[in-house]
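> What follows is a predicted protein model with its sequence.
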Amino acid sequence: APAAAPTTPPPPPTRAQIEADRAKVEADRKKLEADRAKQAASEAELKRERDALAKDRKALEDARKSGDAARIKAAEDKVNAQRQEVSKDRKQAEADRKQTQANREQTQKSQAQLREDERRRQEARQARERERQKTQAAAPAPVPAQPQSQSQGGGNDARRSEEHTSELQSHSFISYAVFC
């Protein structure tokens, strides 16, 4: 069997990606809050409907005791209608609970992604800093510049200036290559 090629880790996220992750987490939190409010309203409506059903059942019981057929029929119709309302509200409350749970899980995933992106970005930052420190430690110590006297000839100054410029360019090129 062929050996699997080693995978390289994905590049660290950019600042813009992290900001987008933060915005998504905030949007998910707001959506979750709205879903919780909707769920609470559904639960409250369900409770009101159940209380009304209990009241209608009591009225049906009283109607049956009275023996009035019309009153019994009206109370039975009201109880049946109330049962349907309770059933509908129960289904809505359950759907709202499921939606809230799904949004809670999505918010948790978004938060985990944000934490992971921030961790990867921090690791990349630390790796760059370690490389920078290694490069600085490996670079030759700079030679202190010696003041040039004005009495020296102009040709000598030009040669030294050219060597100095060339050396600086070489150091800059090496530093840039290591940094990249």
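Good, I have the coordinates. Numbering: from 1, shown residues only.

> For the spatially most central residue of the chain, grab phi and psi.
Of all residues in the chain, the one closest to the mean position by Cα atoms, centre = their mean is residue 110, 3.3 Å from it. Per-residue torsions, residue 110: phi -60, psi -40 (degrees, to the nearest 10).

> Residue 101 versus that one, what's the distance?
From residue 110 across to residue 101, the span is 15 Å (Cβ to Cβ, to the nearest Å). Backbone N, C-alpha and C define where each C-beta goes, glycine included.

> now do residue 61
Noted for residue 61: a distance of 38 Å to residue 101, by Cβ to Cβ.

> Can you show me the helices along this structure?
Counting by DSSP state H, the chain has helices at residues 15-66, 69-138, 154-179.

> And those helices: which comes nearest residue 9?
helix 69-138 (7.9 Å; Cβ to Cβ).

> between the closest one and helix 15-66, how big is the angle?
160 degrees (axes from the mean of the first three to the mean of the last three Cα atoms, to 10 degrees).

> Which neighbouring elements make contact with helix 69-138?
With contacts taken as 3 or more Cβ pairs under 8 Å, 6 or more residues apart in numbering; DSSP states H and E, helix 69-138 sits against helix 15-66, helix 154-179.

> which of those helices has the lowest average pLDDT?
Ranked by mean pLDDT, the helices and strands packed on helix 69-138 bottom out at helix 154-179, with a mean of 59.

> Which one, of the helices of the chain, ends up nearest to residue 7?
Between those, helix 69-138 lies closest to residue 7; by Cβ to Cβ that is 14.9 Å.

> what sits against the residue nearest to residue 114 when sequence neighbours are not counted?
Of all residues beyond its chain neighbours, the one nearest residue 114 is residue 21 (4.2 Å), with distances taken as Cβ to Cβ, 6 or more residues apart in numbering. Residue 21 makes contact with 13, 110, 113, 114, 117, according to Cβ atoms under 8 Å, 6 or more residues apart in numbering.

> And residue 21, how far from residue 51?
45 Å.

> do the same with residue 127
63 Å.

> And for residue 134?
Taking Cβ to Cβ, one finds residue 134 at 73 Å from residue 51.
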